[in-house]
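S.K.: predicted model, plus sequence, below.
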Amino acid sequence: MQSTARAHPNIALIKYWGKRNTELNLPAAGSISITLAELSTDMSIEIREDLDSDQLTLNGARADDLLPRLSNCVDSVLGRERPRVDIRSSSNFPVAAGLASSASAFAACVVAADALDDQPRTRAELANLAGRASGSAARSLYGGFVELENEPSSVVVRNLLDAGDWPLEVVVAVTSEARKTVGSGEAMELSRKTSPFYAQWLEQQPDDLDTARTAVAERDFARLGDVAEHNCLKMHSVMWSTRPPMVYWTRSTIGCMETVRELRRGGVPVFFTIDAGPQVKAVCMAAAAEQVERALSATDGVLRTLRTPLGEGARLLEGD
Ligand code: 2P0
C-alpha cells in the first residue's frame, strides 16, 4: 500500500514566531500566509511490513537526521502500533534555508499518511496534525491566502481568498543555499525566553492580523504591503534582540530590501518579506513580476531567483 501527496510551502505575511505550548506545538499567536504554486514537495509513503524501522529518502538520498520528526508525524495519523513505512520525499527548492520546507513536507506527510488510514480525516483535523509537527505546516493544507487562528487547545485554519481571487506573484531572491545553524523551533523558544521585545510582539499581533485580513478582503495591495513589511521587521527585531542573537540576514538580504524599496519608489507595486533565513521574498502584482525578477537578479549577491504565482492546498496525487 502506498500513497503520494503534493504540498506547497507557504510564506507568512503576518508571521508566526513563538510557541504557547511546546508539547502540542501551539503557536503563541495567529498568522496569515500565502501558498506558493511553483515550489512543491511530493511525498510517497509506502507500508513496508518487511522493514524493522522506518526509512526516509530526501531527493534520493537517505536522510536519517530528519526521520524522527517524520516518523512522529506518521504516528500522529496512523497510530504508534502502525507497520513500518518507507518515506520518499522530493522537493524542487532548497531545504532548510528559510523557504519553509518543513511546511510543505509535513503537510504532504499528513495527507499521504491519511490516505493509508481506514477513516479519512477532515482538512481541519489534518491541519491540526500538521501543525503539531511544524506550526507553519498547518497553513499549507490550504491554498491562496490562509489565516491560522490560535484557539485554546487547537488551531483553526481557513482560506481567506483562493489563489485565483487575487493573482499576486512572489519572486524569491536566493542569497544563500547553506543550511541554517539554528532551526526555527529552537530559535523562537530562545526569543520567548530572552528577547525584551517578545511580549510587545505578541501584544501587537491581533492588530496586524486585523489590518492584513481587511487588506486581503479589499484587495488593498498598498495596505497589505505596509503591514506585512512592518510585521516582518518587528519579527526580525525580536530575533536580533534574542540572546544569542538570531541574525539570518546577509549583506545581500539588505541589498534586496533596498531593491524592493527602489522599485516601489518608482511606482512598482511590490513589498518584501523575510523569514528565518537570508532569502528575500518579494510579493507583487502579477504584471510587475518580470520587472521585479529582473531587478532582484541584478542585485549583488543574489544566486538565483524563483518566481511563482499563488497555489493550492496539499492534496493527494495517488493512493491505493
Ligand atoms: C512563519 N516561520 O510564520 C514563520 C516566520 C519562520 C519565520 O513558521 O517549530 O518551522 O516547526 O513549529 O513552522 C518557521 O517555523 O516552526 C516559521 P515549528 P516552523 O512562517
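M.R.: Looks like it arrived, so ask away. Numbering: from 1, shown residues only.
S.K.: bridged to Ser3, which residues?
M.R.: Here Ser3 sits in beta bridges with Ile45, Gly319, as judged by DSSP bridges.
S.K.: I misspoke; the intended subject was Ile34.
M.R.: Bridge pairing for Ile34 - DSSP bridges - gives Ile11, Phe145.
S.K.: can you report how many residues neighbour it?
M.R.: 30 (other Cβ atoms under 10 Å). Using the backbone N, CA and C atoms, a C-beta is placed for each residue, glycine as well.
S.K.: ok, Gly183 next?
M.R.: Neighbour tally, Gly183, other Cβ under 10 Å: 12.
S.K.: point out the residues in the stretch 101-250 of the chain that sit beside the ligand.
M.R.: 102, 134-136, 184-185 (Cβ under 6 Å from any ligand atom).
S.K.: list just the nearest of the residues you listed to Asn21.
M.R.: Gly135 (10.9 Å; Cβ to Cβ).
S.K.: ramachandran angles for that closest one?
M.R.: phi -50, psi -50 (degrees, to the nearest 10).
S.K.: kindly report the same for Glu81.
M.R.: Dihedral angles (degrees, to the nearest 10) for Glu81: phi -90, psi 10.
S.K.: got the confidence number for it?
M.R.: pLDDT, Glu81: 95.
S.K.: state the distance from it to Asp75.
M.R.: 9 Å (Cβ to Cβ, to the nearest Å).
S.K.: can you pull out the helices in the stretch 1-150 of the chain?
M.R.: 67-78, 101-114, 123-133 (DSSP state H, counting those that start in this stretch).
S.K.: coming back round to it: neighbour count for Glu81 and Asp75, which is higher?
M.R.: Neighbours were counted for Glu81 and for Asp75 using other Cβ under 10 Å; Asp75 has more, 14 against 6.
S.K.: now do the more buried one against Val172, distance only.
M.R.: Taking Cβ to Cβ as the criterion, Asp75 is separated from Val172 by 33 Å.
S.K.: cool, and Cys284?
M.R.: 12 Å.
S.K.: which segments of this structure make up each domain?
M.R.: 2-164, 168-309 (automatic domain parsing).
S.K.: closest residue of the stretch 151-300 of the chain to the ligand?
M.R.: Gly185 (2.7 Å; Cβ to the nearest ligand atom).
S.K.: in stretch 275-290, what's buried?
M.R.: 275-284, 288-289 (16 or more other Cβ atoms under 10 Å).
S.K.: I meant to write stretch 73-84 there.
M.R.: 73-74, 76-78, 82, 84.
S.K.: Val174 pairs with what?
M.R.: With DSSP bridges as the rule, Val174 is bridged to Arg304.
S.K.: lowest-confidence helix or strand of this structure?
M.R.: For the chain, the helix or strand with the lowest mean confidence is strand 315-319, at a mean of 86 (criterion: mean pLDDT, DSSP states H and E).
S.K.: can you give the contact residues for that one?
M.R.: The contact list for strand 315-319 (Cβ atoms under 8 Å, 6 or more residues apart in numbering) reads 2-7, 42, 111-112, 115-116.
S.K.: reformat these as a markdown table; add pLDDT.
M.R.: Listed next are the contacts of strand 315-319 as a markdown table, based on pLDDT from 0 to 100:
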| residue | pLDDT |
| --- | --- |
| Gln2 | 96 |
| Ser3 | 97 |
| Thr4 | 98 |
| Ala5 | 98 |
| Arg6 | 98 |
| Ala7 | 98 |
| Asp42 | 97 |
| Val111 | 98 |
| Ala112 | 98 |
| Ala115 | 97 |
| Leu116 | 97 |
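S.K.: reformat the residues you listed as TSV; add neighbour count.
M.R.: Shown next, in TSV, are those (neighbours: other Cβ atoms under 10 Å):
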residue	neighbour count
Gln2	17
Ser3	21
Thr4	18
Ala5	25
Arg6	20
Ala7	31
Asp42	17
Val111	31
Ala112	30
Ala115	20
Leu116	20
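S.K.: return the member of the residues you listed nearest to the ligand.
M.R.: For these, the residue nearest the ligand by Cβ to the nearest ligand atom is Ala7; the value is 13.3 Å.
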